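J.: take a look and give me a structure for this.
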Amino acid sequence: RHDPDLDIVLRRAYDHGVHTIISLAGTVKESEELIELIGGLNDDDDDESTENTERVQVFGTVGVHPTRCAEVFATKKETDAEGEGGDSAEITSWIPKTEAEQNEIIQQLIRMTKDGKESGNVVAIGECGLDYARLQFCPKDIQHSGLRAQLRVAAETNLPLYLHNRESGDDLYGILSEFKDKLPSNDDGSIRGIVHSFDETIEIANKFISLGLYIGINGCSLKTPENLSTVKEIPLQNLILETDCPWCDIRPSHAGSQYVQTTFPTKKDKQYTREMGLKEGFCVKNRTEPCHVSQVAEVVAGVKGLDVEEVVTVCCQNVYDLFGSLEKKKR
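T.: Coordinates of the predicted model:
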């Protein structure tokens with residue numbers, strides 16, 4: 001719907017102080033494509049003829065989003081049924097793949113992750129978890145089996161978890177607790193991972209924190225007064241700032257917008273051109289970019305009554321404590 005502009009987005013991120021990005025995958029295919037994209041960016045960095053190569057470093061994850069688990073771990077079955085008025089209606093159901101088929105998918109994810117970890121490009125397993133808000137895309141039972149499969153990948157590769165949670169906090173906590181002794185952990189036995197785009201209650205947040213998990217905050221975490229109250233109560237040492245771009249922008253109607261200080265000029269997607277982005281600094285309207293993480297920091301600081309610099313410093317250290325140094329391996 002608009003000109004491709006990834007290079008401009010990455011340049012704008014770097015110019016606004018974002019020097020490291022972790023990009024999330026949602027399927028096996030997306031994981032492969034993300035690793036390929038990162039490899040291409042690394043090749044650009046190694047090309048001495050490329051100008052202005054100083055830019056943000058991009059890392060990735062390997063995993064299957066809970067709403068995509070059915071298309072990976074199950075087979076679709078269409079059946080005809082009689083609808084209202086006697087009309088024929090098509091009903092979709094999902095049949096879990098055989099244990100052998102699922103084991104092959106798990107091994108594929110493990111191989112991909114180990115290769116990516118060796119190159120320094122893959123730093124987490126995810127985005128995996130549970131999503132009860134969109135069960136029309138994947139039923140609970142297949143989400144559960146898909147999550148358990150990916151927890152096996154995390155255990156095998158010793159990488160932290162990048163977790164998704166929508167209206168499923170108690171069940172996600174239960175499954176993670178069940179696997180706690182097998183998952184990558186810190187010296188104190190706590191799980192290494194983050195529950196990202198958090199929008200549930202402080203009670204659910206505290207459950208995840210008790211496991212050792214960080215809480216990821218972005219625009220979707222800052223929509224309502226209740227969201228802000230929850231963020232205010234979560235200790236800063238347990239928070240990580242995110243964007244979840246291109247989603248989760250902070251809009252004027254959101255409760256958190258009152259604290260936003262940094263703004264970016266925008267154009268509607270059909271009006272946007274590369275030249276506008278490159279020469280005039282325009283972003284696409286309602287499309288979040290990595291540079292918008294500054295707005296998330298400003299809202300968190302405003303809610304907690306802290307300086308933005310303190311929020312950024314502590315939350316950046318939280319990222320390094322979870323994911324390590326995030327440095328590319330020399331080739």
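J.: buried stuff in the lengthiest helix in the chain?
T.: Across the chain, the longest stretch assigned as helix under DSSP state H is helix 99-119. Neighbour counts over helix 99-119 (16 or more other CB atoms under 10 Å) mark 102, 105, 106, 109, 110, 112, 113, 114, 116, 117 as buried. (C-beta placed from N, C-alpha, C; glycine too.)
J.: what residues does it touch?
T.: Applying CB atoms under 8 Å, 6 or more residues apart in numbering, the external contacts of helix 99-119 come out as 28, 31-32, 35, 39, 60, 62-64, 72-73, 96-97, 122-123, 125, 145, 149-150, 152-153, 156-157, 159, 329.
J.: still on that earlier bit, determine which two of the buried residues of helix 99-119 are furthest apart.
T.: 102 and 117 (22.1 Å; CB to CB).
J.: returning to what we had before: what is the nearest of the buried residues of helix 99-119 to residue 210?
T.: residue 113 (26.9 Å).
J.: need the strands for the stretch 151-300 of the chain, in chain order.
T.: 161-166, 193-195, 214-217, 239-241, 266-267, 283-284 (DSSP state E, counting those that start in this stretch).
J.: from memory residue 2 sits against residue 275, does it?
T.: No: assessed by CB atoms under 8 Å, residue 2 is found out of contact with residue 275, at 11.8 Å.
J.: the two: which has the busier surroundings?
T.: A count of neighbours by other CB atoms under 10 Å puts residue 2 above the other of residue 2 and residue 275, at 16 against 11.
J.: which of the contacts of helix 99-119 fall within strands?
T.: 60, 62, 96, 122, 123, 125 (DSSP state E).
J.: most surrounded residue in these?
T.: Neighbour tally across the ones in strands among the contacts of helix 99-119 (other CB under 10 Å): the maximum, 36 neighbours, falls on residue 62.
J.: relative to residue 131, how far out is that one?
T.: 19 Å (CB to CB, to the nearest Å).
J.: where does the stretch 201-331 of the chain have low pLDDT?
T.: By pLDDT under 70, the weakly predicted segments of the stretch 201-331 of the chain are 330-331.
J.: the helices in it, which residues?
T.: Taking DSSP state H, counting those that start in this stretch as the criterion, the stretch 201-331 of the chain carries its helices at 202-210, 225-233, 274-279, 293-304, 308-323.
J.: by contact count, what packs against the fourth one?
T.: Looking back up the chat, that one is helix 293-304. If contacts are counted by 3 or more CB pairs under 8 Å, 6 or more residues apart in numbering; DSSP states H and E, helix 293-304 sits against helix 225-233, strand 239-241, helix 308-323.
J.: what's the closest of the ones you listed to residue 20?
T.: Of all the helices and strands packed on helix 293-304, helix 308-323 comes closest under CB to CB, at 7.8 Å.
J.: that closest one: which residues count as buried?
T.: Neighbour-count burial for helix 308-323 [16+ other CB under 10 Å]: 308, 311, 312, 314, 315, 318, 319, 322, 323.
J.: same list (those) but as a markdown table, adding distance to residue 267.
T.: Shown next, in a markdown table, are the buried residues of helix 308-323 (distance: CB to CB, whole Å):
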| residue | distance to residue 267 |
| --- | --- |
| 308 | 27 |
| 311 | 30 |
| 312 | 28 |
| 314 | 35 |
| 315 | 30 |
| 318 | 34 |
| 319 | 31 |
| 322 | 36 |
| 323 | 34 |
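J.: which of those residues lies closest to residue 141?
T.: Nearest member of these to residue 141, counting by CB to CB, is residue 322, at 30.2 Å.
J.: my read is that that closest one contacts residue 160, right?
T.: Yes: between residue 322 and residue 160 there is a contact under CB under 8 Å: 5.7 Å.
J.: okay, and the common contacts of the two?
T.: With CB under 8 Å, 6+ apart, residue 322 and residue 160 have common neighbours 192, 193, 194.
J.: residues touching the first one, list them.
T.: Meaning residue 192. 160, 161, 183, 184, 185, 186, 212, 322.
J.: which of these has the most neighbours?
T.: Busiest of the contacts of residue 192 [other CB under 10 Å] is residue 161, holding 30 neighbours.
J.: my read: that one touches residue 125, true?
T.: Yes: between residue 161 and residue 125 there is a contact at 5.6 Å, judged by CB under 8 Å.
J.: let me have the buried residues of helix 99-119 in a markdown table, adding pLDDT as columns.
T.: Compiled in a markdown table, these are given as follows (pLDDT from 0 to 100):
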| residue | pLDDT |
| --- | --- |
| 102 | 96 |
| 105 | 97 |
| 106 | 97 |
| 109 | 98 |
| 110 | 98 |
| 112 | 98 |
| 113 | 98 |
| 114 | 97 |
| 116 | 96 |
| 117 | 96 |
